[in-house]
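> everything below, folded, please.
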Amino acid sequence: TTESITSFVNSFSGEEGEASIPCLSPTEIAADKLSALCWRVIKRDRNSEADDPTLVRHIHDLCALNEIISGDIEQFYSLFKASHDIDQGSAARQTGMQAVEAVGNMIEELKSDSLYQKEYEQFVASMSYAADDEQIDFDQAIEKLSQLYETLTSIT
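Model (predicted):
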């Protein structure tokens, strides 16, 4: 899709946007995030200098995008599988698993390694602008990922 960009001045005066930019759909963003989360969790080496504990942002974002994902699960699956297949073409991202299998393995790793919950909580505490009672906690986010996995398993 293409979205219009409007300055504050034009917005205030009711004028049209000055430019437009191409944008990804939220469904495509979510599909890319799930694929990235899978290989990053499965291949993660916390001892590596390149380790990135902020990968937990994808857990949060996928939970926040849950309604959009659920709204067109077939398109989401198609985009996710395509993103996963592209990722598998890179040696650094190869998991040796099919797309949905990788999701299941990733969720099990997130549940079994307690450091993910700590990293997640630190990330949300420092990055979320939501009111405390509206923040997505780790258990809620993992539950949404587990529900997504169940749905993907049922349609494949």
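
> only C-alpha atoms for contact and neighbour calcs from this point on.
OK.

> check which helix or strand the spatially most central residue of the chain maps to.
In the chain, the centroid-proximal residue (Cα atoms, centre = their mean) is Lys33; its distance is 3.2 Å. Using DSSP states H and E, Lys33 sits in helix 26-42.

> pull out the buried residues from the following helix or strand past that helix.
Next along the chain after helix 26-42, taking DSSP H and E as the criterion, comes helix 57-64. By 16 or more other Cα atoms under 10 Å, the buried positions in helix 57-64 come out as Arg57, His58, Ile59, His60, Asp61, Leu62, Cys63, Ala64.

> between helix 26-42 and helix 57-64, find me the angle.
For helix 57-64 against helix 26-42, the angle by axes from the mean of the first three to the mean of the last three Cα atoms, to 10 degrees is 140 degrees.

> which strands and helices sit next to the helix or strand that helix 57-64 is followed by?
Using DSSP H and E, the helix or strand that follows helix 57-64 in sequence is helix 66-71. Using 3 or more Cα pairs under 8 Å, 6 or more residues apart in numbering; DSSP states H and E, the elements in contact with helix 66-71 are helix 26-42.

> restricting to C-alpha, output the helix it packs on in CSV.
Extracted in CSV, the C-alpha atoms of helix 26-42 (Å, rounded to 0.1, in the frame of the first residue of the first chain):
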residue,chain,number,x,y,z
PRO,A,26,0.8,-5.2,9.2
THR,A,27,0.2,-8.8,8.2
GLU,A,28,3.5,-8.9,6.2
ILE,A,29,5.3,-7.3,9.1
ALA,A,30,3.9,-9.9,11.5
ALA,A,31,4.9,-12.7,9.1
ASP,A,32,8.5,-11.4,8.9
LYS,A,33,8.7,-11.0,12.6
LEU,A,34,7.6,-14.6,13.3
SER,A,35,10.1,-15.9,10.8
ALA,A,36,12.9,-13.8,12.3
LEU,A,37,11.9,-14.8,15.9
CYS,A,38,12.0,-18.5,15.0
TRP,A,39,15.5,-18.6,13.6
ARG,A,40,16.9,-16.1,16.1
VAL,A,41,15.6,-18.1,19.1
ILE,A,42,16.5,-21.5,17.7
